[in-house]
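Asks: what would the 3D arrangement of this be:
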Amino acid sequence: MEILRELGALALASRLRRLADRLDRDVAQLERSRGLDLEPRWKPVLWVLARDGALTSAEIADALGLSRGDTRQAVSALERRGFLERRRDPGAKQRLALTAVGRDAAARAETLRTGILAATQELLSEAGGGSLDRIAALEAALDDTPLAARLRQHIRFEPHEIEIVGYRPAFRRHFERINREWIEALFAMEPEDERLLADPNGQIIRRGGEVLFALVYGLVVGTTALIDRGGGHVELAKMAVTRPWRGLGIGRRLAEAAIERARQRGAHRVTLLTNAHLRRAMVLYLSLGFTAKTDQESAARMARPSLVMELHLDETV
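Replies: Predicted coordinates for the structure are as follows:
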């Protein structure tokens with residue numbers, strides 16, 4: 001125990017985990033004495049289903065702020081115990097609902113909630129108060145910039161830690177989310193944006209293009225697309241890195257991967273639309289060999305000021 005205290009902030013995660021384990025253990029002992037045998041990670045799922053009724057696994061994850069993987073594990077365990085059942089709604093979505101056994105467990109857990117709340121509030125008061133506010137502030141800071149992104153400000157990426165992958169249906173929402181983030185922060189969404197972001201599979205991939213994603217430890221942190229314009233011409237479009245992960249070289253990895261894919265496809269040139277005020281993007285494109293195109297006609301399809309740049313692949317082999 002002393003070594004963890006000596007390590008200070010370096011052992012933050014270990015100390016928080018140990019604290020959570022101590023609190024969960026004592027509550028679990030009380031619950032078992034009352035005939036309840038629930039893992040701590042299961043209870044939030046029971047609570048949200050008791051409150052909101054039947055939900056999809058994704059809706060449970062969003063309501064609790066959990067990863068899809070953690071939610072699936074908890075759901076599977078509760079199903080094996082007979083607490084949950086699956087139902088199909090009229091829209092053919094599979095929803096999870098409490099069984100009679102699950103409702104009974106949730107109700108019995110609820111009878112203990114007042115006492116657990118009082119004991120926990122007493123503990124927080126003895127600790128000096130404000131603890132929950134500090135935890136909330138820590139959570140908000142992590143939401144703003146994850147620790148993994150903060151680490152990369154001080155420790156360089158190894159090549160294998162950034163993975164560039166192709167389109168997967170589960171990633172569609174990230175393609176929209178990451179692009180909306182920068183477009184809405186700097187400009188306004190336009191019909192061309194909405195068309196591509198709403199259906200990248202139909203509007204880009206099925207028309208001969210590709211959508212790429214940058215993953216760090218399995219997290220989708222960046223994306224870009226190659227739009228087939230025909231005649232050996234592809235357009236590099238909708239390239240963005242989510243805000244906490246910018247400035248770490250991920251955009252360059254995405255752009256290099258996209259250019260290599262264009263070359264493998266037999267493309268002769270790559271064009272893109274950008275804005276002269278996007279300084280980091282301009283520096284990146286220039287360093288990759290892009291130059292401003294004399295003919296700016298294709299920029300007219302966007303209302304926001306745009307600059308057409310191009311890269312001749314035959315000249316960069």
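Asks: switch to C-alpha atoms for all contacts and neighbour counts from now on
Replies: Noted.
Asks: how far does the longest helix along the chain sit from its chain's centre?
Replies: Secondary structure of the chain read by DSSP state H shows that its longest helix is helix 100-126. On the basis of C-alpha atoms, centre = their mean, to the nearest Å, helix 100-126 sits 32 Å off its chain's mean C-alpha point.
Asks: buried sites along it?
Replies: For helix 100-126, a neighbour-count test (16 or more other C-alpha atoms under 10 Å) marks 102-103, 105-106, 109 as buried.
Asks: please apply the same query to stretch 48-67.
Replies: For stretch 48-67, the neighbour count (16+ other C-alpha under 10 Å) marks 48-50, 54-57, 59-61 as buried.
Asks: contacting residues around that stretch?
Replies: Applying C-alpha atoms under 8 Å, 6 or more residues apart in numbering, the contact partners of stretch 48-67 are 44-45, 68, 71-72, 75, 93-98, 103, 106.
Asks: which residues in the stretch 101-250 of the chain form helices?
Replies: Assigned by DSSP state H, counting those that start in this stretch, the stretch 101-250 of the chain shows helices spanning 131-144, 147-151, 172-186, 191-198, 200, 250-264.
Asks: most packed of those helices?
Replies: With neighbours taken as mean count of other C-alpha atoms under 10 Å, those reach their highest mean count in helix 200, at a mean of 22.
Asks: elements contacting that one?
Replies: Contacting helix 200 under the criterion 3 or more C-alpha pairs under 8 Å, 6 or more residues apart in numbering; DSSP states H and E is no other helix or strand.
Asks: what residues does it touch?
Replies: Residues outside helix 200 that contact it (C-alpha under 8 Å, 6+ apart): 172, 175, 211.
Asks: I'd like the average pLDDT over it.
Replies: For helix 200, mean pLDDT is 97.
Asks: got it, and stretch 115-128?
Replies: Model confidence over stretch 115-128 averages 87 on the pLDDT scale.
Asks: cool, stretch 160-167 as well?
Replies: On average, stretch 160-167 scores 94.
Asks: list the buried residues of it.
Replies: Neighbour counts over stretch 160-167 (16+ other C-alpha under 10 Å) mark 162-164, 167 as buried.
Asks: the longest helix of the chain vs helix 131-144, what angle?
Replies: Interaxial angle, helix 100-126 versus helix 131-144 (axes from the mean of the first three to the mean of the last three C-alpha atoms, to 10 degrees): 110 degrees.
Asks: Q264 and G166, how far apart?
Replies: Distance from Q264 to G166, counting by C-alpha to C-alpha, to the nearest Å: 14 Å.
Asks: which residues touch R150?
Replies: Taking C-alpha under 8 Å, 6+ apart as the definition, R150 has no contacts.
Asks: all strands in the chain, in order from the N-terminus.
Replies: Along the chain, the segments classed as strands by DSSP state E run 84-88, 94-98, 162-166, 210-216, 219-230, 233-241, 269-274, 291-292, 307-312.
Asks: elements contacting the first one?
Replies: The one in question is strand 84-88. Here strand 84-88 touches helix 68-80, strand 94-98, going by 3+ C-alpha pairs under 8 Å, 6+ apart.
Asks: tell me the most buried of these?
Replies: Comparing the helices and strands packed on strand 84-88 on average neighbours, where mean count of other C-alpha under 10 Å defines a contact, strand 94-98 leads with a mean of 20.
Asks: show me what that strand is packed against.
Replies: Applying 3+ C-alpha pairs under 8 Å, 6+ apart, one finds that strand 94-98 contacts helix 43-52, strand 84-88.
Asks: now do 6 Å
Replies: Under the contact criterion of 3 or more C-alpha pairs under 6 Å, 6 or more residues apart in numbering; DSSP states H and E, strand 94-98 touches strand 84-88.
Asks: just the buried positions in the strand it packs on, please.
Replies: For strand 84-88, by 16+ other C-alpha under 10 Å, it's 84-86.
Asks: that one pairs with which strands, parallel or anti?
Replies: Strand pairing for strand 84-88, using DSSP bridges, gives strand 94-98 (antiparallel).
Asks: okay, the partner strand in PDB with CA atoms only?
Replies: C-alpha atoms of strand 94-98 as PDB (Å, rounded to 0.1, in the frame of the first residue of the first chain):
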ATOM      1  CA  GLN A  94     -33.300  -6.700 -30.800                       C
ATOM      2  CA  ARG A  95     -34.000  -5.300 -27.400                       C
ATOM      3  CA  LEU A  96     -33.100  -6.500 -23.900                       C
ATOM      4  CA  ALA A  97     -35.600  -6.500 -21.100                       C
ATOM      5  CA  LEU A  98     -35.700  -7.700 -17.500                       C
END
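Asks: was I right to think E235 contacts V211?
Replies: No: look at E235 against V211 with C-alpha atoms under 6 Å: they stay out of range, at 11.5 Å.
Asks: who has more neighbours out of these two?
Replies: Using other C-alpha atoms under 10 Å, the more surrounded residue of E235 and V211 is V211, with 25 against 22.
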